[in-house]
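In: This is a predicted model, with the sequence first.
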Amino acid sequence: MLTIIGSALLADQLGYILPYRWAFLVLLIPAAAAIADGIRTATTLGWRNVHALARMIAGGLFAAIGMLMFFHLNTGIILPAVIMTLGAGTVARALITRA
């Protein structure tokens, strides 16, 4: 998911026209769910727990990406590259732990 979103953001930054910009507001749904789950986890396990912080950071990242894509804000090429790297790293970590 992160790799696809990063690729779409990169294409947007390189000048390709992406139709249906409002579709990126769909990212606000998993963002709100991740933030709510992070808050719920933090109240149970504590606010310094890494699982709670990771969920809240992921939710904030998804919300930021959705708003950047919707409002067509210029972020350069670095942010899409970082998002695509995070997605590839997540997939690689999942594959390594399964082996």
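Out: On my side now, so go ahead. Numbers count the residues shown, from 1 in each chain.
In: Pull out the buried residues from the helix or strand hosting residue 67.
Out: Element membership of residue 67, judged by DSSP states H and E, is helix 50-71. Across helix 50-71, burial judged by 16 or more other CB atoms under 10 Å covers 52, 55, 56, 58, 59, 61, 62, 63, 65, 66, 68, 69. Bear in mind the C-beta positions are built from the backbone N, C-alpha and C, glycine included.
In: what's the closest of the residues you listed to residue 82?
Out: Proximity of these to residue 82 (CB to CB) peaks at residue 61, which lies at 9.9 Å.
In: ok, the residue nearest the centre of the chain to residue 84 distance?
Out: Centroid-nearest residue in the chain, with CA atoms, centre = their mean: residue 62, separated by 3.5 Å. Separation of residue 62 from residue 84 (CB to CB, to the nearest Å) stands at 15 Å.
In: quick revisit: so how far is the helix holding residue 67 from its chain's centroid?
Out: Distance, stretch centre to chain centre, for helix 50-71: 5 Å (CA atoms, centre = their mean, to the nearest Å).
In: Now it - C-alpha only, PDB.
Out: Output of helix 50-71 as PDB, limited to C-alpha atoms (Å, rounded to 0.1, in the frame of the first residue of the first chain):
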ATOM      1  CA  VAL A  50       6.400   1.700  20.900                       C
ATOM      2  CA  HIS A  51       3.300   0.000  19.600                       C
ATOM      3  CA  ALA A  52       1.000   2.900  20.400                       C
ATOM      4  CA  LEU A  53       3.500   5.400  19.100                       C
ATOM      5  CA  ALA A  54       4.000   3.500  15.800                       C
ATOM      6  CA  ARG A  55       0.200   3.300  15.200                       C
ATOM      7  CA  MET A  56      -0.200   7.000  15.900                       C
ATOM      8  CA  ILE A  57       2.700   7.900  13.600                       C
ATOM      9  CA  ALA A  58       1.400   5.700  10.800                       C
ATOM     10  CA  GLY A  59      -2.000   7.300  11.200                       C
ATOM     11  CA  GLY A  60      -0.500  10.800  11.000                       C
ATOM     12  CA  LEU A  61       1.500   9.700   7.900                       C
ATOM     13  CA  PHE A  62      -1.500   8.400   6.100                       C
ATOM     14  CA  ALA A  63      -3.500  11.600   7.000                       C
ATOM     15  CA  ALA A  64      -0.700  13.800   5.800                       C
ATOM     16  CA  ILE A  65      -0.300  11.900   2.500                       C
ATOM     17  CA  GLY A  66      -4.100  12.000   1.900                       C
ATOM     18  CA  MET A  67      -4.100  15.800   2.400                       C
ATOM     19  CA  LEU A  68      -1.000  16.400   0.300                       C
ATOM     20  CA  MET A  69      -2.500  14.500  -2.600                       C
ATOM     21  CA  PHE A  70      -5.900  16.100  -2.300                       C
ATOM     22  CA  PHE A  71      -4.700  19.700  -2.100                       C
END
